[in-house]
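Visitor: Starting from these lines, generate the structure:
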Amino acid sequence: MVDMGDLTGRVAIVTGGAGGIGRAVCETLAYHGAIVCPADMSVEICQPVVEAVEALGGTCYPVAMDVIELENVQRAFKEVNDKFGHIDILVNIAGILSGDKVHEVTPEHWDKMIDINLRGVHYCMQTAVPYMAANGGGSVVSVSSQAGQVGGWMGSVAYSASKGGILAMTKGYARQCQQYHIRFNDVAPGLIATPLTAARGDKPDGIPVGRLGTGQDIANAIYFLASDLSSFIDGATIDLNGGQFMRS
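Guide: Residues are numbered from 1 along each chain as shown. Predicted coordinates for the structure are as follows:
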């Protein structure tokens with residue numbers, strides 16, 4: 001039987017790859033055979049991820065990328081394609097979070113949130129399409145948020161808007177790129193255990209499974225969507241919230 005979860009030989013770019021979730025995704029994809037390319041503000045901050053992936057016996061090639069600069073994104077994708085000859089997987093994680101209240105949202109705050117969380121994802125998707133199309137297809141997975149579906153609780157309205165935009169944009173790309181055999185999906189995490197949630201003392205109250213989510217929970221879902229295990233899933237959202245938010 002063919003192992004549809006095997007990613008051997010596939011090249012994956014992971015934006016925000018130096019962060020906690022990015023590292024978990026890089027390690028998980030590498031464990032299943034992918035060549036992982038963590039993309040973040042500098043190559044240097046990706047070194048812990050490189051060491052972790054190499055400790056697993058995997059291949060890791062970090063690239064510097066600022067997702068809000070289109071030319072910078074294009075340069076990074078070209079660098080990866082020139083190095084390995086193809087790009088098969090894109091994972092969009094790079095983003096920022098803010099808890100500003102409605103009356104605190106300045107034009108600068110709004111623009112920064114939309115630029116990084118939404119426009120940056122668009123730039124990466126748009127840049128990935130011709131590379132993946134030339135290689136016969138690929139898989140793109142973006143990280144949205146439960147806040148993009150319900151308006152958020154502690155996140156700002158700008159954050160909720162940016163993450164809701166990812167949900168719509170994913171479907172738009174999926175519809176327009178079907179002829180290239182590129183699948184676009186996203187995950188929508190709820191409350192995830194991070195240094196921020198630990199500092200706030202967040203509890204799993206109201207989460208039916210009885211715990212906060214983890215970076216590995218997100219990585220597992222992203223791996224599924226990136227692999228051929230999900231070959232019949234396109235334009236979809238996987239909710240990762242422990243049952244806190246259930247859609248009809």
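
Visitor: Provide the contact partners of whatever helix or strand Glu71 lives in at residue level.
Guide: Using DSSP states H and E, the element containing Glu71 is helix 70-84. Helix 70-84 has contacts (CB atoms under 8 Å, 6 or more residues apart in numbering) with 11, 13, 35, 37, 39, 61, 63-67, 87, 120, 123-124, 127-128, 131. (C-beta placed from N, C-alpha, C; glycine too.)

Visitor: From the contact counts, what lies against the top strand by length along the chain?
Guide: Using DSSP state E, we find that the single longest strand of the chain is strand 182-189. Other helices and strands packing on strand 182-189, by 3 or more CB pairs under 8 Å, 6 or more residues apart in numbering; DSSP states H and E, are helix 120-134, strand 138-143, helix 157-176, helix 215-226, strand 237-240.

Visitor: Figure out which of these is closest to Val150.
Guide: helix 157-176 (8.2 Å; CB to CB).

Visitor: By mean pLDDT, point me to the weakest helix or strand of this structure.
Guide: helix 195-200 (a mean of 74; mean pLDDT, DSSP states H and E).

Visitor: how far does stretch 6-22 sit from the chain's center?
Guide: Distance of stretch 6-22 from the chain centroid (CA atoms, centre = their mean, to the nearest Å) equals 9 Å.

Visitor: In this protein, where is pLDDT below threshold?
Guide: 153-155, 196, 248 (pLDDT under 70).

Visitor: let's go with 80 and repeat that
Guide: 1-2, 99-100, 152-155, 194-201, 247-248 (pLDDT under 80).

Visitor: Which positions in the helix holding Glu71 come out as buried?
Guide: Leu70, Val73, Ala76, Phe77, Glu79, Val80, Asn81, Phe84 (16 or more other CB atoms under 10 Å).

Visitor: okay, the angle between that helix and helix 120-134?
Guide: Here helix 70-84 runs at an angle of 40 degrees relative to helix 120-134 (axes from the mean of the first three to the mean of the last three CA atoms, to 10 degrees).

Visitor: Does anything pack onto the next helix-or-strand element following helix 70-84? Which helices or strands?
Guide: Using DSSP H and E, the next helix or strand after helix 70-84 towards the C-terminus is strand 89-92. For strand 89-92, the elements it packs on are strand 11-15, helix 20-31, helix 120-134, strand 138-143, helix 215-226, judged by 3+ CB pairs under 8 Å, 6+ apart.

Visitor: strands paired with strand 89-92, and their directions?
Guide: With DSSP bridges as the test, strand 89-92 is paired with strand 11-15 (parallel), strand 138-143 (parallel).

Visitor: picking up where we left off before, measure how the longest strand of the chain sits relative to helix 157-176, angle-wise.
Guide: 150 degrees.

Visitor: For strand 182-189, list the C-alpha coordinates in PDB.
Guide: Extracted C-alpha coordinates of strand 182-189, given in PDB (Å, rounded to 0.1, in the frame of the first residue of the first chain):
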ATOM      1  CA  ILE A 182      -2.900  23.200  -6.200                       C
ATOM      2  CA  ARG A 183      -4.900  22.800  -3.100                       C
ATOM      3  CA  PHE A 184      -5.600  25.600  -0.700                       C
ATOM      4  CA  ASN A 185      -6.800  25.000   2.900                       C
ATOM      5  CA  ASP A 186      -6.500  26.500   6.300                       C
ATOM      6  CA  VAL A 187      -6.600  25.700  10.000                       C
ATOM      7  CA  ALA A 188      -8.400  27.800  12.600                       C
ATOM      8  CA  PRO A 189      -6.900  27.400  16.000                       C
END
